[in-house]
Structures are given as C-alpha cells and as structure tokens.
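Peer 1: no FASTA, just this:
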C-alpha cells in the first residue's frame, strides 16, 4: 500500500539517505533501486522504472523497477516512442495527470498507465541516456509535495546515471577488447574454433552456481578471455607442437604463465581475480600443478573454477592430436580428478550445471 507523501521537512533526510546509497552502489541498477523505491513509498505512484539507452538494440531497456509495472524486461521503450522524442527535448521532469489527454503518451493507457511522471537523464553532451518513469493506475493530480520529492530524487538520479552510465560504457569497451584479444590468441594457438567463448560461458555458469557476485563474475570472465595471453611470446615450434613435449619444450610452455601475468598487469583496469585466473589455472588441488605448486583453497577460487572448465572443453573438442570426447566421458574424467586435480566443490557445481548425476 502506498504511504502518504513525505512531509517537506524530511526531504533533506531522505535525499541524504538516497545519496549515500547511490554513491556506494557498484552498478546502475543497484543505484537506481532505492530511488525507485522512494517514489513508490512516498508518492501515489503504483510503479516506477529506470530505462537506460542501449545502443546495440536502439532502445531504452529496463534496468531497475519497483512496485507494479507493465514493462517487459526485454522490450523496453523504443527510441521512436513519442514520449522518448518529448524527453529528448525536455530539460525538466514532466508530470502528466491523465495520459488519455496527451498525444505524447500514446499507448500508455492501454498498459494501465493513467498518470505518469517522466524524468529525462542527459549526458554532458545533452544526449538522452536514460528515463525514469513513475506511474499510477488512475488519473492523479501530482501534489506539490510529490513534485518536490520527485525533483529532489531525480536530480540525484541524473548525477548517478551519468556517472554509472559512463562507467558501464567503459566496462563494455574493455569487455569487447579483451574478448577480441582472446579470440586472437585462440586463432594463433590453433585451438578449436569457439573455445574462448565456450570456456568463458561455462566458467560464468559455474561462477553463478557457486554464488559469485556480479563483480566476481566479470573478473572471472575477463580472466577467462586472457587465460593464455602469455602464449603470445611462445615460438610456433612449441605452441603448435603436435606430439608429446620434450623436457625443454615443457619447461618453455610453462613459462607462459609468468609471461601472461606480466603482460596482463599492463592492463591497469584488470581486477586481481582476473589476474588470478591467468596466474593459477594450471595449479592443482593436491599441489602438483604449476607454476607455484599451490594446493587446496590457497589456489584462488576463480582459477579453480576456470581450471575445470578449461580441461572439460579441451576434452570435448577435436584437436589435431585427439578426437572430441563425449560429455559423459569428459565429465567422468573430471570427476576422477576431484580432490586431486580439481576442487571437489567446483566439480560438484559442474555436474549440477551440466545436469548429470555423479558417477
């Protein structure tokens, strides 16, 4: 049930609280959530949502919602929507008492949206990068208190959205560059086509099964893209050697881990867990791996997760020296290595993700 609008004297306290929450948020969605919740709690709005511009889809996609809302997460707001065209030119929050009386709100009454608050968020160049919408299911004359509260929180919203939108765009650029580098490494290493994407996807699935948070999953994904970056320095007669290595070749191959870490450290934006994947994905649970002979939980979790994925994908892929194993054969091999090569907890997660029963 919607509470009464907040008295004017408590706006400052509420704004301060929302500012603290927003500044501590790690991503756009979590920063918006307390703002949306405040609108639902302290105004007559039944639902609220924040929509962020998505260049690839040419639409404003839903990033956070609160209360009852008709927005489908995968649909969002098309850039051609009359309201979006209105918000592009707007400089302030718009309050609509009855959506049936405004041409710019065509389509909203059919969704059960009969009163609307629409706040544009622009970047420094004046481009519309987001929109906050709060709606009621019946026509409603927004009060002075509701307008004051909305103006207060949307000012904070604009600041947070501009900052976090820029940060997300930077992360997306990093993501694209790292994946491209991973695909380049895959091609030079004569890996089966698709290895980078497959092993990264599986690692993220395992990370989710092990309850990693969003930042940890991103680091795991980036580390997966770059896990063999040190092989850039390997000569072709080692990298593409089709048979068993000589002792000298084996030692040269192992050096790629140190070289990979050294190269990856030049990317100042890479978080430590991503570096851990590069540094430790050849370590083994029983301490028999390389380069440091780490054992058990001394091996960083992202590396333990990735090690299982890397071996599993190698086994299930055709290589010049072997045919692809079946999923069951590869999974049985991984399970046999549980407690020696691999972390048993991660192996259990792999069995769960693949939907198989332990042998």
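Peer 2: Sure thing, it's come through. Quantities reported herein were computed from a predicted structural model and do not represent experimental measurements. Residues are numbered from 1 along each chain as shown.
Peer 1: low pLDDT regions in the stretch 51-200 of the chain?
Peer 2: For the stretch 51-200 of the chain, applying pLDDT under 70 flags the ranges 72-74, 159, 161-165, 188-192.
Peer 1: list the contacts for the nearest residue to residue 234 once chain neighbours are set aside?
Peer 2: Nearest non-adjacent residue to residue 234, counting by CB to CB, 6 or more residues apart in numbering: residue 256, 5.8 Å away. Placement of C-beta: from N, CA and C, glycine included. In this structure, residue 256 makes contact with 228, 230-231, 233-234, judged by CB atoms under 8 Å, 6 or more residues apart in numbering.
Peer 1: if you set the cut-off to 10 Å instead, what comes out?
Peer 2: Residues near residue 256 by CB atoms under 10 Å, 6 or more residues apart in numbering: 228-234, 238-239, 263, 278, 282, 291.
Peer 1: narrow the residues you listed to those that are buried.
Peer 2: For the contacts of residue 256, a burial check counting by 16 or more other CB atoms under 10 Å picks out 228-232, 234, 238-239, 263, 278, 282.
Peer 1: domain ranges for the protein?
Peer 2: 8-167, 189-354 (automatic domain parsing).
Peer 1: now the ones you listed as TSV including distance to residue 174?
Peer 2: Output for the domains of the chain, formatted as TSV (distance: least, CB to CB, whole Å):
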stretch	distance to residue 174
domain 8-167	11
domain 189-354	6
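Peer 1: of all these, which lies closest to residue 177?
Peer 2: Closest approach to residue 177 among those is made by domain 189-354 (9.1 Å; CB to CB).
Peer 1: and stretch 244-258, average pLDDT?
Peer 2: Averaging pLDDT along stretch 244-258 yields 80.
Peer 1: do the same with stretch 344-359
Peer 2: In this model, stretch 344-359 carries a mean pLDDT of 83.
Peer 1: just to revisit the earlier point, from the contacts of residue 256, which is closest to residue 218?
Peer 2: Looking across those and measuring by CB to CB, the closest to residue 218 is residue 278, at 15.1 Å.
Peer 1: go ahead and list the helix or strand containing that closest one.
Peer 2: helix 272-280 (DSSP states H and E).
Peer 1: packing partners for that helix?
Peer 2: helix 214-225, helix 247-264, helix 301-315 (3 or more CB pairs under 10 Å, 6 or more residues apart in numbering; DSSP states H and E).
Peer 1: reformat those helices as a markdown table; add distance to residue 116.
Peer 2: Output for these, formatted as a markdown table (distance: least, CB to CB, whole Å):
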| stretch | distance to residue 116 |
| --- | --- |
| helix 214-225 | 31 |
| helix 247-264 | 48 |
| helix 301-315 | 45 |
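Peer 1: out of these, which comes closest to residue 207?
Peer 2: It's helix 214-225; of the helices and strands packed on helix 272-280, that one is closest to residue 207 (CB to CB) at 4.9 Å.
Peer 1: can you pull the buried residues of that closest one?
Peer 2: 216-225.
Peer 1: and these, which is closest to residue 196?
Peer 2: Nearest member of the buried residues of helix 214-225 to residue 196, counting by CB to CB, is residue 225, at 6.5 Å.
Peer 1: so that closest one makes contact with residue 204?
Peer 2: No: with contact defined as CB atoms under 10 Å, residue 225 does not count as touching residue 204 (11.3 Å).
Peer 1: what segments of the stretch 51-200 of the chain are strands?
Peer 2: Assigned by DSSP state E, counting those that start in this stretch, the stretch 51-200 of the chain shows strands spanning 59-67, 77-78, 94-96, 115-122, 128-136.
Peer 1: what's the distance between residue 205 and residue 284?
Peer 2: 22 Å (CB to CB, to the nearest Å).
Peer 1: do the same with residue 105
Peer 2: Taking CB to CB, one finds residue 105 at 62 Å from residue 284.
Peer 1: ditto for residue 91
Peer 2: 61 Å.
Peer 1: higher neighbour count, those two?
Peer 2: Per other CB atoms under 10 Å, whichever of residue 91 and residue 284 has more neighbours is residue 284, with 20 against 8.
Peer 1: what residues are up against that one?
Peer 2: Contacts of residue 284 by CB under 10 Å, 6+ apart are 290, 293-296, 299, 304, 307, 337, 340-343.
Peer 1: closest to residue 65 among those?
Peer 2: Using CB to CB, the contacts of residue 284 come closest to residue 65 at residue 304, 35.7 Å.
Peer 1: report how many residues lie close to residue 199.
Peer 2: Residue 199 - counted by other CB under 10 Å - has 25 other residues nearby.
Peer 1: likewise for residue 112?
Peer 2: Quick note: residue 112 (other CB under 10 Å) scores 16 neighbours.
Peer 1: from residue 42, how far off is it?
Peer 2: 22 Å.
Peer 1: also residue 121?
Peer 2: 20 Å.
Peer 1: try residue 135
Peer 2: 15 Å.
Peer 1: okay, those two: which has more neighbours?
Peer 2: residue 135 (27 against 22).
Peer 1: surely the more buried one is in contact with residue 95?
Peer 2: No: at 11.3 Å, residue 135 does not count as touching residue 95 under the criterion of CB under 10 Å.
Peer 1: which neighbours do those two have in common?
Peer 2: With CB under 10 Å, 6+ apart, residue 135 and residue 95 have common neighbours 115-118.
Peer 1: give me the buried subset of those residues.
Peer 2: Taking 16+ other CB under 10 Å as the criterion, what is buried in those is 115-118.
Peer 1: who's in contact with residue 355?
Peer 2: residue 327.
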